[in-house]
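Enquirer: mind folding the following:
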Amino acid sequence: GVRPEDWPNVHAVALQWPHKIVPAFGIHPWFAHLFSGSSDWQQDLTERLNAHPSAVVGEIGLDSRATIPGSKAVDIAAQEHVFKQQLAVAADLGRPVSVHCVRAYGKLLEILKSSRRLPPRIMLHSYGGGVEMLRAFDAFVRSGAATQIFFSFSSAVSLRSPKAVAAIAAVAEDRLLVESDRHATHDCVAALVDMCGHVAAARTCSVEHTASTTRANAKVFFAM
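Expert: Residues are numbered from 1 along each chain as shown. Predicted coordinates:
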């Protein structure tokens, strides 16, 4: 779910297929400007998460290119405010988070460093940053931060960046994830297989090894 209007549908689908779906509830940065002036949604988010013990918080984050519809303005202050509130909810409940970040990795790291408490695990979904930024996140974790940061790659989004191959090669094996980043379920399997092939090529390993490794990492991230 990317905004509160979605959450009832996510809740219903998760109840219908509890052994197949890990639900996610959050406010995407594209919609943050609609909710930065209110805190009513926080109680709803907390209740949804409590109703689904395996649920994650997401997709949340920062997007420096997300303009408010009908204008050319990017309300990064609203995004930061809503993102910090959701980080706090996730930290309080001990839930992992899925983070959307576009051209704001430095600001994201700054927020994580300044947070008094953090979620146990953070996934940078469809990662589009470079190796230098990746290493900065790793250094933050190694400095004693109370979280683990995973890097997830998709052929739909990550491979648009010329930095993708080097970043894929540089990720620690136990922090590597793949995803489809597709809306249509019938596209997901093919997209995952495709991304595993790209990862295998970048890391000079087999597709089978990539699939096995990322599956194991996903189980850690989602606490499955």
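Enquirer: stretch 61-77: how far from the chain's middle?
Expert: 19 Å (C-alpha atoms, centre = their mean, to the nearest Å).
Enquirer: which stretches of the protein form helices?
Expert: Applying DSSP state H to the chain gives helices spanning 7-16, 40-51, 76-93, 105-114, 131-142, 164-170, 185-203, 207-222.
Enquirer: which neighbouring elements make contact with the third one?
Expert: Spelled out, it's helix 76-93. On a contact count with 3 or more C-beta pairs under 8 Å, 6 or more residues apart in numbering; DSSP states H and E, helix 76-93 meets helix 40-51, strand 56-63, strand 97-102, helix 105-114. In this view, the C-beta of every residue, glycine as well, is placed from N, C-alpha and C.
Enquirer: among these, which is nearest Ser154?
Expert: In terms of C-beta to C-beta, the element of the helices and strands packed on helix 76-93 nearest to Ser154 is strand 97-102, at 11.8 Å.
Enquirer: now do the closest one: which elements does it pack against?
Expert: So strand 97-102, by 3+ C-beta pairs under 8 Å, 6+ apart, packs with strand 56-63, helix 76-93, strand 121-124.
Enquirer: let's go with 7 Å and repeat that
Expert: strand 56-63, strand 121-124 (3 or more C-beta pairs under 7 Å, 6 or more residues apart in numbering; DSSP states H and E).
Enquirer: partners of it in the sheet?
Expert: Strand 97-102 has the following sheet partners, assigned by DSSP bridges: strand 56-63 (parallel), strand 121-124 (parallel).
Enquirer: confidence score at Ala184?
Expert: Per-residue pLDDT puts Ala184 at 86.
Enquirer: neighbours around it, how many?
Expert: 8 (other C-beta atoms under 10 Å).
Enquirer: tell me the contacts of Leu177?
Expert: By C-beta atoms under 7 Å, 6 or more residues apart in numbering, Leu177 lies in contact with Met123, Phe150, Phe151, Ser152, Thr214, Asn217, Ala218, Phe221.
Enquirer: the same query, at a cut-off of 10 Å, please.
Expert: 123-125, 127, 150-154, 171, 195, 199, 213-215, 217-218, 220-221 (C-beta atoms under 10 Å, 6 or more residues apart in numbering).
Enquirer: again with Ala139
Expert: Leu109, Ala145.
Enquirer: now render the helices of the chain as a markdown table, adding distance to His28.
Expert: Shown next, in a markdown table, are the helices of the chain (distance: least, C-beta to C-beta, whole Å):
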| stretch | distance to His28 |
| --- | --- |
| helix 7-16 | 12 |
| helix 40-51 | 13 |
| helix 76-93 | 9 |
| helix 105-114 | 14 |
| helix 131-142 | 21 |
| helix 164-170 | 22 |
| helix 185-203 | 19 |
| helix 207-222 | 19 |
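Enquirer: among those, which is nearest Val57?
Expert: It is, among the helices of the chain and with distance given as C-beta to C-beta, helix 76-93, at 4.1 Å.
Enquirer: quick one, phi/psi of His52?
Expert: When read as degrees, to the nearest 10, the backbone of His52 gives phi -130, psi 90.
Enquirer: tell me how many other residues surround the nearest residue to it once chain neighbours are set aside.
Expert: Spatial nearest neighbour of His52, excluding adjacent residues (C-beta to C-beta, 6 or more residues apart in numbering): Pro23 at 5.1 Å. Neighbour count for Pro23, taken as other C-beta under 10 Å: 22.
Enquirer: mind listing what Pro23 touches?
Expert: Here Pro23 is in contact with 1, 7, 10-15, 17, 48-49, 51-52, 54-56, 58 (C-beta under 10 Å, 6+ apart).
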